Structure formats: structure tokens, C-alpha cells
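Undergrad: Predicted model and sequence follow; I will ask about them next.
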Amino acid sequence: MSNADIYHEMIIDYSRNPLNFGQIENPDVTFHDSNPLCGDSIDIDMNIKENKISDIKFHGRGCAICMACSSVLTEITKGKDIDEVKKITKNDVLSELGLENLQAVRIKCALLSLKVLKYALYSYLAKHMSETGDVDKLKEEAANLY
């Protein structure tokens, strides 16, 4: 079995049996976005305790690539410090499933959950900022997400 076959099997398995699929009751933050070109629609709920992602779940619908990447992303993120999560890149997600050379038309499917995660995280941080200088720095970071 080749690496491509293994990754293909992983994508199918994650899409059929996604990890961390569901909703968190009373999450600290939730965010939604969709990809109207293919119909993917993802919500991410997170609880944050002591500056770490204590729980994360996603729900929605999407193609196999979207669901697999959402599942992998929640696994990568769970238990991590906020600063570590802020540094997660598209390559971190794509490489977990062997999707580094994904066609441009499918990149939006693969990265929808990362986009939703980053927006959720930055929304949470903005709500919990106390100093104006910190908010300005956060806005600058957020502007460079994509």
C-alpha cells in the first residue's frame, strides 16, 4: 500500500468517523463559516481554561476532505496553549493527511476548519482583552491570518 493510499484511507475514515464531532454545551466561544462553492458548513465550539484549549468540538456538514481536516485540526488543537494554537498553519493541517499538493479548488474545503478555528480564537481573545495596546496588537495579528 502506497503513502497516497494510506492517506486516502485516513481521509475516508476521518470523514466517516470524525473525532471531536458534536457540540459543547455552553462553550466559551463558538464560530461558524461556510464554503458556498461546495456546501461545506462548519461550526467550532471551544472551552478555554488556564490559557489552554480544554475542549473543542466541531459540527456541520462537508465533503470528505473538509470533515477529515476538521477532525485532525481538533485533535491537533485539544490541550494546547493558546499561543501554540495561534501558530498552527495550513501546512500543519494539510501534512497530517498528505494533502500538501491539493488542487486549488479543494484548498478551501481543507482549510475551512482552520479559518473557523482562528476566527473563534481571535474573537475569544478580543472579548477578554483589557488594554487598548493589546487589542491593537491582536488586530494586527488577525489581519495577517490569511
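TA: Sure, I can see it. Numbers count the residues shown, from 1 in each chain.
Undergrad: contacts and neighbour counts: CA atoms only from here.
TA: Noted.
Undergrad: List the buried residues of the longest helix along the chain.
TA: Once the chain is assigned using DSSP state H, the helix that runs over the most residues is helix 104-127. Neighbour-count burial for helix 104-127 flags 107-125 (criterion: 16 or more other C-alpha atoms under 10 Å).
Undergrad: and what of stretch 40-50?
TA: Going by neighbour count (16+ other C-alpha under 10 Å), the buried part of stretch 40-50 is 40-48.
Undergrad: Okay, and which of the residues you listed map to helices?
TA: Residues of the buried residues of stretch 40-50 located in helices (DSSP H): none.
Undergrad: Determine which two of the residues you listed are furthest apart.
TA: Asp40 and Ile48 (25.7 Å; C-alpha to C-alpha).
Undergrad: for Val85, what are its contacts?
TA: Contacts for Val85 (C-alpha atoms under 8 Å, 6 or more residues apart in numbering) come out as Thr77.
Undergrad: Assign it to helix, strand or coil.
TA: Using DSSP: H, G, I helix; E, B strand; the rest coil, the secondary structure recorded for Val85 is helix.
Undergrad: Distance of it relative to Tyr122?
TA: For Val85, the distance to Tyr122 equals 11 Å [C-alpha to C-alpha, to the nearest Å].
Undergrad: just Cys109 next, same as before
TA: Counting by C-alpha to C-alpha - Cys109 and Tyr122 are separated by 21 Å.
Undergrad: swap in Thr74?
TA: 16 Å.
Undergrad: go on, Tyr14?
TA: Here Tyr14 is placed at a distance of 27 Å from Tyr122 (C-alpha to C-alpha).
Undergrad: Per-residue pLDDT of the nearest residue to Lys118 once chain neighbours are set aside, please?
TA: Distance criterion C-alpha to C-alpha, 6 or more residues apart in numbering; nearest residue to Lys118, sequence neighbours excluded, is Lys86 at 7.1 Å. Turning to Lys86, the model gives it a pLDDT of 93.
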